[in-house]
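Asker: can't give you the sequence, but here's the structure:
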């Protein structure tokens, strides 16, 4: 059976599935992310045929050069921007991911961020903890209502659609969206309006929620000029990938109150954070935890194992990533 390397500790359900299927599984014992050098050294130590990677692992030709026996990279993530797909194709290495499993979880988290920034919940919590609360006041920590406001969804994929549905049906928000092409299934589910450019969406939206993958064309999709299009009362929310937003431009917009606030779960230079953001009260920052529930992370581990088990059994894995995705 196959020899498989897991770059970092993940929920054990998937590891147990692989071992029950007869595979030998070695999990990195480092408490944290392997450096590129450490990853190459680990993969060169034994003739691994499979790798379980995380979004923090950059997998490219240089890694494969140290792991000539690897035939499959199973990404423990939905996104796969950490993997150079052209290099994998050149080396005839299959890539898989874990789509669908975290849709509801990330959508719930995104909605939580929208509510938290609009209602100033983290700021209010810190206000009380700091001993500043001395009694009710009519203008204390005023937030924003969401009912009747316009939510702009950038990226009409699974997560974007679920966020829109919850905001429309649960909060009474109006929905507009932008994607490369209209999404009839989205429009059939809830009332929404397609914008063929992101610029017109940004002008109209009271809340903008980012749900596109990180691709060359989406890098800095939200930049200084586009932040300037947004309403001064608008909020920006990102649970997709950090580099989609120019973080320096966002910091300036928040400092200048060009927009009212932002809530971000991902960062341009993770795990580093643009330092000025730490000092601002009109931004909520969470440590890339939008999919962090026990149920979802266990299911991701299970799907990762299913992909590997199918591959080494000679079948097509259920979640193969191709370059044209």
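Answerer: Perfect, I can see it now. Small disclaimer: the values here were computed from a predicted structure and weren't measured.

Asker: OK, contacts around the residue positioned nearest the centre of the chain?
Answerer: For the chain, residue 240 is the residue whose C-alpha lies nearest the centre (Cα atoms, centre = their mean; 3.5 Å). Listed by Cβ atoms under 8 Å, 6 or more residues apart in numbering, the contact set of residue 240 reads 155, 210-214, 266. For glycine as for every other residue, the C-beta is placed from the backbone atoms N, C-alpha and C.

Asker: Of those residues, which is the most crowded?
Answerer: Highest neighbour count within those: residue 211, with 26 neighbours (other Cβ atoms under 10 Å).

Asker: shouldn't it be in contact with residue 153?
Answerer: Yes: in terms of Cβ atoms under 8 Å, residue 211 counts as a neighbour of residue 153; the distance is 6.3 Å.

Asker: overlap in contacts of these two?
Answerer: Common contacts of residue 211 and residue 153 (Cβ under 8 Å, 6+ apart): 160, 163.

Asker: can you map out the strands along the stretch 1-150 of the chain?
Answerer: Using DSSP state E, counting those that start in this stretch, the strands assigned to the stretch 1-150 of the chain run over residues 3-6, 24-27, 50-53, 72-75, 94-96, 150-154.

Asker: TSV for these, including mean pLDDT and mean neighbour count?
Answerer: As requested, these are exported to TSV (pLDDT from 0 to 100; neighbours: other Cβ atoms under 10 Å):
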stretch	mean pLDDT	mean neighbour count
strand 3-6	98	21
strand 24-27	98	16
strand 50-53	98	26
strand 72-75	98	26
strand 94-96	98	23
strand 150-154	98	26
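
Asker: now these in a markdown table, with distance to residue 273?
Answerer: Formatted as a markdown table, the entries for the strands of the stretch 1-150 of the chain read as follows, by distance: least, Cβ to Cβ, whole Å:
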| stretch | distance to residue 273 |
| --- | --- |
| strand 3-6 | 28 |
| strand 24-27 | 29 |
| strand 50-53 | 24 |
| strand 72-75 | 24 |
| strand 94-96 | 29 |
| strand 150-154 | 22 |
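
Asker: Quick one: low-confidence residue ranges for the stretch 201-325 of the chain.
Answerer: Under the criterion of pLDDT under 70, the regions of the stretch 201-325 of the chain flagged as low confidence span 323-325.

Asker: do that again at 90, thanks
Answerer: Regions of the stretch 201-325 of the chain meeting the criterion pLDDT under 90 cover residues 322-325.

Asker: Which parts of it are helices?
Answerer: 224-227, 247-255, 294-312 (DSSP state H, counting those that start in this stretch).

Asker: Also the stretch 51-200 of the chain?
Answerer: Counting by DSSP H, counting those that start in this stretch, the stretch 51-200 of the chain has these helices, from start to end: 61-65, 85-90, 103-119, 121-129, 158-171, 184-189, 198-204.
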